[in-house]
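# sequence plus predicted model, see below.
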Protein chains: 2
Amino acid sequence: MQYDLDKSIEILERTPKVLRALLAELSPEWTTNNEGPDTWSPFDVLGHLIHGEKTDWIPRTKIILEYGVDMPFKPFDRFAQNEISKGKSIPDLLVEFEELREANLEEFKSLNVSQNLDKMGKHPELGEVTLRNLLSSWVVHDLGHISQITRVMAKQYKGEVGIWTKYLGVLQ
Amino acid sequence: MQYDLDKSIEILERTPKVLRALLAELSPEWTTNNEGPDTWSPFDVLGHLIHGEKTDWIPRTKIILEYGVDMPFKPFDRFAQNEISKGKSIPDLLVEFEELREANLEEFKSLNVSQNLDKMGKHPELGEVTLRNLLSSWVVHDLGHISQITRVMAKQYKGEVGIWTKYLGVLQ
(Lines give C-alpha, C1' and ligand atoms only; values in the text may rest on other atoms or scores of the structure.)
Protein backbone atom coordinates (compact mmCIF):
# COMPACT_ATOMS: atom_id res chain seq x y z
CA MET A 1 0.00 0.00 0.00
CA GLN A 2 1.07 3.56 -0.63
CA TYR A 3 0.58 6.11 2.11
CA ASP A 4 -2.91 7.61 1.95
CA LEU A 5 -4.19 10.23 4.35
CA ASP A 6 -7.74 8.86 4.74
CA LYS A 7 -6.59 5.27 5.10
CA SER A 8 -4.02 6.24 7.71
CA ILE A 9 -6.65 8.10 9.71
CA GLU A 10 -8.81 4.95 9.63
CA ILE A 11 -6.12 3.22 11.73
CA LEU A 12 -5.14 6.17 13.92
CA GLU A 13 -8.72 6.84 15.04
CA ARG A 14 -9.34 3.16 15.82
CA THR A 15 -6.32 2.65 18.10
CA PRO A 16 -7.83 4.20 21.26
CA LYS A 17 -10.99 2.13 20.75
CA VAL A 18 -8.98 -1.06 20.25
CA LEU A 19 -6.93 -0.40 23.39
CA ARG A 20 -10.07 0.27 25.40
CA ALA A 21 -11.75 -2.94 24.12
CA LEU A 22 -8.58 -4.86 24.98
CA LEU A 23 -7.46 -3.38 28.31
CA ALA A 24 -10.32 -1.67 30.15
CA GLU A 25 -11.29 -3.43 33.38
CA LEU A 26 -8.81 -6.23 32.84
CA SER A 27 -7.18 -7.90 35.86
CA PRO A 28 -3.84 -6.26 36.71
CA GLU A 29 -1.89 -9.48 36.02
CA TRP A 30 -2.71 -9.05 32.32
CA THR A 31 -1.75 -5.39 32.16
CA THR A 32 1.30 -5.07 34.44
CA ASN A 33 3.32 -8.19 33.60
CA ASN A 34 5.95 -7.94 30.86
CA GLU A 35 8.18 -10.29 28.81
CA GLY A 36 11.13 -10.21 31.22
CA PRO A 37 13.77 -7.73 32.41
CA ASP A 38 13.85 -4.44 30.47
CA THR A 39 10.69 -5.18 28.52
CA TRP A 40 7.38 -3.36 28.60
CA SER A 41 4.00 -4.28 30.05
CA PRO A 42 0.75 -3.14 28.38
CA PHE A 43 0.68 -0.42 31.08
CA ASP A 44 4.15 0.78 30.00
CA VAL A 45 3.15 0.80 26.33
CA LEU A 46 0.15 3.03 27.05
CA GLY A 47 2.43 5.61 28.67
CA HIS A 48 4.78 5.42 25.67
CA LEU A 49 1.89 6.02 23.26
CA ILE A 50 0.82 9.04 25.32
CA HIS A 51 4.33 10.47 25.16
CA GLY A 52 4.30 10.00 21.38
CA GLU A 53 1.08 12.01 21.08
CA LYS A 54 2.61 14.80 23.12
CA THR A 55 6.07 15.05 21.58
CA ASP A 56 6.46 13.00 18.42
CA TRP A 57 4.00 12.71 15.53
CA ILE A 58 2.18 16.04 15.35
CA PRO A 59 5.06 18.20 16.65
CA ARG A 60 7.43 16.61 14.10
CA THR A 61 4.88 16.99 11.30
CA LYS A 62 4.67 20.70 12.07
CA ILE A 63 8.47 21.01 12.15
CA ILE A 64 8.74 19.47 8.67
CA LEU A 65 5.96 21.65 7.29
CA GLU A 66 7.41 24.84 8.79
CA TYR A 67 11.18 24.34 8.75
CA GLY A 68 11.98 21.28 6.63
CA VAL A 69 15.53 20.00 7.26
CA ASP A 70 16.60 23.23 8.92
CA MET A 71 15.27 22.23 12.32
CA PRO A 72 16.15 18.66 13.42
CA PHE A 73 13.51 16.93 15.57
CA LYS A 74 14.11 16.73 19.31
CA PRO A 75 15.25 13.21 20.28
CA PHE A 76 12.37 11.00 21.47
CA ASP A 77 12.61 9.84 25.09
CA ARG A 78 11.95 6.09 25.15
CA PHE A 79 11.66 6.05 28.94
CA ALA A 80 9.32 9.02 29.41
CA GLN A 81 6.45 6.67 30.25
CA ASN A 82 8.01 6.03 33.67
CA GLU A 83 7.24 9.63 34.61
CA ILE A 84 4.02 9.94 32.59
CA SER A 85 2.40 6.87 34.12
CA LYS A 86 3.51 7.29 37.72
CA GLY A 87 0.56 6.91 40.08
CA LYS A 88 -1.91 6.44 37.23
CA SER A 89 -4.24 3.55 36.44
CA ILE A 90 -5.04 1.88 33.12
CA PRO A 91 -8.39 3.75 32.96
CA ASP A 92 -6.53 7.05 33.53
CA LEU A 93 -4.10 6.28 30.72
CA LEU A 94 -6.83 5.15 28.32
CA VAL A 95 -8.71 8.43 28.79
CA GLU A 96 -5.53 10.48 28.46
CA PHE A 97 -4.54 8.72 25.25
CA GLU A 98 -8.05 9.03 23.79
CA GLU A 99 -8.19 12.76 24.46
CA LEU A 100 -4.71 13.43 23.07
CA ARG A 101 -5.31 11.33 19.96
CA GLU A 102 -8.65 12.99 19.26
CA ALA A 103 -7.15 16.49 19.55
CA ASN A 104 -4.14 15.45 17.45
CA LEU A 105 -6.29 14.00 14.67
CA GLU A 106 -8.35 17.16 14.61
CA GLU A 107 -5.20 19.25 14.22
CA PHE A 108 -3.75 16.73 11.74
CA LYS A 109 -6.75 17.12 9.43
CA SER A 110 -6.27 20.90 9.44
CA LEU A 111 -2.61 20.66 8.35
CA ASN A 112 -1.78 20.66 4.67
CA VAL A 113 0.02 17.31 4.60
CA SER A 114 -1.22 15.68 1.38
CA GLN A 115 0.58 18.25 -0.79
CA ASN A 116 3.80 17.90 1.23
CA LEU A 117 4.35 14.16 1.63
CA ASP A 118 7.78 14.32 -0.01
CA LYS A 119 8.99 17.28 2.02
CA MET A 120 12.11 16.43 4.02
CA GLY A 121 12.81 16.73 7.70
CA LYS A 122 15.82 15.85 9.82
CA HIS A 123 15.75 13.06 12.38
CA PRO A 124 18.45 13.45 15.08
CA GLU A 125 19.68 9.85 14.59
CA LEU A 126 18.28 8.60 11.28
CA GLY A 127 19.09 11.69 9.23
CA GLU A 128 16.87 12.90 6.39
CA VAL A 129 13.35 11.53 6.29
CA THR A 130 10.22 12.52 4.41
CA LEU A 131 6.86 13.55 5.85
CA ARG A 132 5.51 10.39 4.18
CA ASN A 133 8.01 8.31 6.20
CA LEU A 134 6.97 10.03 9.44
CA LEU A 135 3.23 9.70 8.85
CA SER A 136 3.33 6.06 7.75
CA SER A 137 5.55 5.31 10.79
CA TRP A 138 2.83 6.79 13.02
CA VAL A 139 0.40 4.16 11.68
CA VAL A 140 2.91 1.30 11.85
CA HIS A 141 3.86 2.38 15.39
CA ASP A 142 0.22 2.13 16.55
CA LEU A 143 -0.29 -1.30 14.99
CA GLY A 144 3.09 -2.54 16.21
CA HIS A 145 2.29 -1.65 19.80
CA ILE A 146 -1.12 -3.36 19.67
CA SER A 147 0.70 -6.39 18.31
CA GLN A 148 3.25 -6.11 21.14
CA ILE A 149 0.61 -5.73 23.87
CA THR A 150 -1.26 -8.85 22.77
CA ARG A 151 2.02 -10.79 22.44
CA VAL A 152 3.05 -9.79 25.96
CA MET A 153 -0.35 -10.85 27.29
CA ALA A 154 -0.19 -14.17 25.42
CA LYS A 155 3.21 -14.95 26.96
CA GLN A 156 1.73 -14.84 30.46
CA TYR A 157 0.28 -18.32 29.74
CA LYS A 158 3.48 -19.68 28.20
CA GLY A 159 3.97 -22.02 31.14
CA GLU A 160 0.39 -23.33 30.91
CA VAL A 161 -0.04 -24.40 27.30
CA GLY A 162 2.33 -27.39 27.53
CA ILE A 163 3.29 -29.00 24.23
CA TRP A 164 0.88 -26.67 22.35
CA THR A 165 3.65 -24.10 22.45
CA LYS A 166 4.85 -25.74 19.18
CA TYR A 167 1.73 -24.51 17.38
CA LEU A 168 1.47 -21.07 19.00
CA GLY A 169 3.90 -18.89 17.08
CA VAL A 170 3.24 -15.85 19.29
CA LEU A 171 5.07 -17.61 22.16
CA GLN A 172 8.33 -18.07 20.24
CA MET B 1 0.44 -16.56 35.44
CA GLN B 2 -1.30 -19.80 36.23
CA TYR B 3 -4.43 -20.69 34.31
CA ASP B 4 -7.51 -19.19 35.96
CA LEU B 5 -11.04 -19.59 34.65
CA ASP B 6 -12.24 -16.04 35.33
CA LYS B 7 -9.08 -14.41 34.00
CA SER B 8 -9.22 -16.51 30.85
CA ILE B 9 -12.84 -15.50 30.25
CA GLU B 10 -11.77 -11.84 30.58
CA ILE B 11 -9.70 -12.29 27.41
CA LEU B 12 -12.05 -14.61 25.54
CA GLU B 13 -15.03 -12.28 25.90
CA ARG B 14 -13.00 -9.25 24.79
CA THR B 15 -11.68 -10.73 21.53
CA PRO B 16 -14.84 -10.15 19.42
CA LYS B 17 -14.99 -6.54 20.68
CA VAL B 18 -11.30 -5.96 19.89
CA LEU B 19 -11.71 -7.38 16.39
CA ARG B 20 -14.77 -5.20 15.78
CA ALA B 21 -12.96 -2.06 17.02
CA LEU B 22 -10.01 -2.93 14.78
CA LEU B 23 -11.63 -4.20 11.55
CA ALA B 24 -15.21 -2.95 11.18
CA GLU B 25 -15.66 -0.54 8.27
CA LEU B 26 -11.96 -0.56 7.43
CA SER B 27 -10.89 -0.15 3.78
CA PRO B 28 -10.44 -3.53 2.07
CA GLU B 29 -6.71 -2.93 1.48
CA TRP B 30 -6.18 -3.22 5.23
CA THR B 31 -8.23 -6.39 5.64
CA THR B 32 -7.49 -8.44 2.51
CA ASN B 33 -3.74 -7.97 2.04
CA ASN B 34 -1.40 -10.50 3.65
CA GLU B 35 2.34 -10.91 4.35
CA GLY B 36 3.15 -12.71 1.10
CA PRO B 37 2.46 -16.11 -0.53
CA ASP B 38 0.82 -18.68 1.76
CA THR B 39 0.21 -16.19 4.57
CA TRP B 40 -3.08 -14.97 5.98
CA SER B 41 -4.90 -11.66 5.71
CA PRO B 42 -7.04 -10.33 8.60
CA PHE B 43 -10.03 -11.64 6.59
CA ASP B 44 -8.49 -15.14 6.54
CA VAL B 45 -7.76 -15.03 10.28
CA LEU B 46 -11.40 -14.21 11.06
CA GLY B 47 -12.53 -17.34 9.16
CA HIS B 48 -9.93 -19.39 11.04
CA LEU B 49 -11.19 -18.09 14.41
CA ILE B 50 -14.77 -18.99 13.39
CA HIS B 51 -13.69 -22.52 12.52
CA GLY B 52 -12.01 -22.81 15.93
CA GLU B 53 -15.24 -21.86 17.68
CA LYS B 54 -17.12 -24.50 15.72
CA THR B 55 -14.72 -27.43 15.93
CA ASP B 56 -11.87 -26.85 18.36
CA TRP B 57 -12.06 -25.35 21.83
CA ILE B 58 -15.48 -26.30 23.21
CA PRO B 59 -15.83 -29.59 21.35
CA ARG B 60 -12.39 -30.69 22.58
CA THR B 61 -13.15 -29.55 26.13
CA LYS B 62 -16.25 -31.74 26.10
CA ILE B 63 -14.29 -34.70 24.72
CA ILE B 64 -11.75 -34.44 27.57
CA LEU B 65 -14.48 -34.10 30.20
CA GLU B 66 -16.49 -37.03 28.82
CA TYR B 67 -13.90 -39.45 27.42
CA GLY B 68 -10.45 -38.34 28.58
CA VAL B 69 -7.67 -39.95 26.53
CA ASP B 70 -10.00 -42.64 25.14
CA MET B 71 -11.26 -40.43 22.33
CA PRO B 72 -8.54 -38.51 20.43
CA PHE B 73 -9.59 -35.08 19.10
CA LYS B 74 -10.43 -34.78 15.43
CA PRO B 75 -7.55 -33.09 13.55
CA PHE B 76 -8.06 -29.33 13.11
CA ASP B 77 -8.37 -28.15 9.51
CA ARG B 78 -6.05 -25.16 9.06
CA PHE B 79 -7.56 -24.29 5.69
CA ALA B 80 -11.25 -24.49 6.58
CA GLN B 81 -11.52 -20.69 6.45
CA ASN B 82 -11.37 -20.85 2.64
CA GLU B 83 -14.79 -22.53 2.65
CA ILE B 84 -16.16 -20.71 5.71
CA SER B 85 -15.41 -17.24 4.39
CA LYS B 86 -16.35 -17.74 0.74
CA GLY B 87 -18.66 -14.95 -0.44
CA LYS B 88 -18.75 -13.31 3.00
CA SER B 89 -17.71 -9.82 4.09
CA ILE B 90 -15.78 -8.67 7.14
CA PRO B 91 -19.05 -7.50 8.82
CA ASP B 92 -20.56 -10.96 8.15
CA LEU B 93 -17.56 -12.69 9.74
CA LEU B 94 -17.48 -10.33 12.74
CA VAL B 95 -21.13 -11.08 13.52
CA GLU B 96 -20.64 -14.81 13.01
CA PHE B 97 -17.63 -14.88 15.33
CA GLU B 98 -19.39 -12.77 17.98
CA GLU B 99 -22.42 -15.05 18.04
CA LEU B 100 -20.39 -18.25 18.16
CA ARG B 101 -18.08 -16.93 20.89
CA GLU B 102 -20.99 -15.72 23.00
CA ALA B 103 -22.76 -19.09 22.77
CA ASN B 104 -19.49 -20.94 23.45
CA LEU B 105 -18.70 -18.87 26.54
CA GLU B 106 -22.19 -19.49 27.86
CA GLU B 107 -21.71 -23.22 27.42
CA PHE B 108 -18.15 -23.01 28.78
CA LYS B 109 -19.36 -21.47 32.03
CA SER B 110 -21.83 -24.34 32.47
CA LEU B 111 -19.13 -27.02 32.14
CA ASN B 112 -17.30 -28.24 35.20
CA VAL B 113 -13.80 -27.32 34.08
CA SER B 114 -12.20 -25.87 37.22
CA GLN B 115 -12.23 -29.23 38.99
CA ASN B 116 -10.82 -31.03 35.93
CA LEU B 117 -7.92 -28.89 34.76
CA ASP B 118 -5.44 -31.75 35.05
CA LYS B 119 -7.64 -34.27 33.24
CA MET B 120 -5.90 -35.65 30.14
CA GLY B 121 -7.05 -35.75 26.54
CA LYS B 122 -5.38 -37.02 23.39
CA HIS B 123 -4.32 -34.68 20.59
CA PRO B 124 -3.99 -36.45 17.21
CA GLU B 125 -0.49 -35.05 16.62
CA LEU B 126 0.78 -33.71 19.96
CA GLY B 127 -0.23 -36.71 22.07
CA GLU B 128 -1.40 -36.37 25.66
CA VAL B 129 -2.43 -32.91 26.81
CA THR B 130 -4.30 -31.60 29.82
CA LEU B 131 -7.53 -29.62 29.86
CA ARG B 132 -5.42 -26.79 31.35
CA ASN B 133 -3.16 -26.89 28.25
CA LEU B 134 -6.18 -26.74 25.94
CA LEU B 135 -7.92 -23.90 27.76
CA SER B 136 -4.83 -21.73 28.14
CA SER B 137 -4.07 -22.35 24.43
CA TRP B 138 -7.53 -20.98 23.59
CA VAL B 139 -6.56 -17.69 25.27
CA VAL B 140 -3.07 -17.57 23.74
CA HIS B 141 -4.56 -18.41 20.33
CA ASP B 142 -6.93 -15.39 20.52
CA LEU B 143 -4.17 -13.01 21.57
CA GLY B 144 -1.73 -14.44 19.05
CA HIS B 145 -4.14 -13.86 16.18
CA ILE B 146 -4.84 -10.26 17.24
CA SER B 147 -1.07 -9.79 17.34
CA GLN B 148 -0.80 -11.37 13.87
CA ILE B 149 -3.62 -9.25 12.36
CA THR B 150 -2.04 -5.99 13.52
CA ARG B 151 1.41 -7.13 12.34
CA VAL B 152 0.01 -7.98 8.90
CA MET B 153 -1.67 -4.57 8.72
CA ALA B 154 1.51 -2.79 9.84
CA LYS B 155 3.51 -4.49 7.07
CA GLN B 156 1.31 -2.90 4.39
CA TYR B 157 3.26 0.33 4.99
CA LYS B 158 6.66 -1.34 5.06
CA GLY B 159 7.60 0.36 1.79
CA GLU B 160 6.55 3.79 3.07
CA VAL B 161 8.38 4.22 6.37
CA GLY B 162 11.86 4.51 4.80
CA ILE B 163 14.76 4.35 7.23
CA TRP B 164 12.34 4.24 10.21
CA THR B 165 12.03 0.52 9.55
CA LYS B 166 15.10 0.19 11.86
CA TYR B 167 13.03 1.36 14.84
CA LEU B 168 9.80 -0.46 14.00
CA GLY B 169 10.33 -4.02 15.25
CA VAL B 170 6.94 -5.18 13.97
CA LEU B 171 8.24 -4.87 10.38
CA GLN B 172 11.19 -7.24 10.89
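Thanks, I have the structure now. These figures come from a predicted structure and were not determined experimentally.

# which helix or strand contains A:Lys122?
A:Lys122 is part of strand A:120-123 when elements are defined by DSSP states H and E.

# neighbours around A:Met1, how many?
For A:Met1, the count of nearby residues is 18 (other C-beta atoms under 10 Å in any protein chain shown). Heads up, the C-betas are built off the backbone N, CA and C, glycines and all.

# tell me how far it lies from chain B.
4 Å (C-beta to the nearest C-beta, to the nearest Å).

# next, the contact list for that residue, please.
A:Lys7, B:Glu29, B:Asn33, B:Gln156, B:Tyr157, B:Glu160 (C-beta atoms under 8 Å, 6 or more residues apart in numbering or on different chains).

# can you give me the helices for chain A?
Using DSSP state H, the helices of chain A run over residues A:5-23, A:28-32, A:42-55, A:57-67, A:81-84, A:90-110, A:131-155.

# which one of the contacts of A:Met1 is nearest B:Gly47?
Nearest to B:Gly47 out of those is B:Asn33 (C-beta to C-beta; 15.5 Å).

# circling back: can you lay out the helices of chain A as a markdown table showing distance to chain B, mean neighbour count and mean pLDDT?
Formatted as a markdown table, those follow (distance: least, C-beta to the nearest C-beta, whole Å; neighbours: other C-beta atoms under 10 Å in any protein chain shown; pLDDT from 0 to 100):
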| stretch | distance to chain B | mean neighbour count | mean pLDDT |
| --- | --- | --- | --- |
| helix A:5-23 | 4 | 19 | 98 |
| helix A:28-32 | 5 | 17 | 98 |
| helix A:42-55 | 11 | 22 | 97 |
| helix A:57-67 | 11 | 17 | 98 |
| helix A:81-84 | 16 | 15 | 90 |
| helix A:90-110 | 12 | 16 | 98 |
| helix A:131-155 | 3 | 24 | 98 |
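
# save those as CSV, and put in distance to B:Arg14 too.
Listed next are the helices of chain A as CSV, based on distance: least, C-beta to C-beta, whole Å:
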stretch, distance to B:Arg14
helix A:5-23, 6
helix A:28-32, 10
helix A:42-55, 13
helix A:57-67, 27
helix A:81-84, 23
helix A:90-110, 13
helix A:131-155, 10
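
# A:Leu26 is in contact with B:Ile9, isn't it?
No: if you go by C-beta atoms under 8 Å, A:Leu26 and B:Ile9 don't touch, sitting 11.4 Å apart.

# residue contacts, the nearest residue in space to A:Asn82 that is not next to it in sequence?
Closest residue in space to A:Asn82, ignoring its immediate chain neighbours: A:Gly47 at 7.5 Å, by C-beta to C-beta, 6 or more residues apart in numbering or on different chains. Counting by C-beta under 8 Å, 6+ apart, A:Gly47 touches A:Ala80, A:Gln81, A:Asn82, A:Ile84, A:Ser85, A:Lys88, A:Leu93.

# for the last one, which non-adjacent residue is closest in space?
Using C-beta to C-beta, 6+ apart and skipping the chain neighbours, the partner closest in space to A:Leu93 is A:Leu46 (4.1 Å).

# contact partners for the one you found?
A:Leu19, A:Leu23, A:Gln81, A:Ser85, A:Ile90, A:Leu93, A:Leu94, A:Phe97.

# could I get the residues you listed in CSV, plus columns for distance to B:Leu65?
Formatted as CSV, those follow (distance: C-beta to C-beta, whole Å):
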residue, distance to B:Leu65
A:Leu19, 36
A:Leu23, 32
A:Gln81, 44
A:Ser85, 43
A:Ile90, 35
A:Leu93, 40
A:Leu94, 38
A:Phe97, 42
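
# now the residue of chain A most remote from its centre: closest residue in space, sequence neighbours ignored.
In chain A, the residue that sits farthest from the middle, by C-alpha atoms, centre = their mean, is A:Ile163; the gap is 33.4 Å. Once flanking residues are discounted, A:Ile163 sits nearest to B:Leu126: 4.8 Å by C-beta to C-beta, 6+ apart.

# okay, now that neighbour: neighbour count?
Residues contacting B:Leu126 under the criterion other C-beta under 10 Å number 15.

# residues contacting A:Ala21?
A:Ala21 makes contacts with B:Arg14, B:Lys17, B:Val18, B:Arg20, B:Ala21, as judged by C-beta under 8 Å, 6+ apart.

# thought the third one was touching A:Lys17?
No: proximity of B:Val18 to A:Lys17 does not meet the contact threshold set by C-beta under 8 Å, at 9.2 Å.

# now do the shared contacts for those two.
Common contacts of B:Val18 and A:Lys17, defined by C-beta under 8 Å, 6+ apart, are absent altogether.

# picking up where we left off before, among the helices of chain A, which is nearest B:Glu66?
helix A:131-155 (28.8 Å).

# what angle separates the closest one from helix A:90-110?
160 degrees (axes from the mean of the first three to the mean of the last three C-alpha atoms, to 10 degrees).

# between helix A:131-155 and helix B:5-23, how big is the angle?
Inter-element angle recorded for helix A:131-155 and helix B:5-23: 160 degrees (by the same axes, to 10 degrees).

# and the angle for helix A:131-155 with helix A:42-55?
170 degrees.

# what helices or strands is helix A:131-155 leaning on?
On a contact count with 3 or more C-beta pairs under 8 Å, 6 or more residues apart in numbering or on different chains; DSSP states H and E, helix A:131-155 meets helix A:5-23, helix A:42-55, helix A:57-67, strand A:120-123, helix B:131-155.
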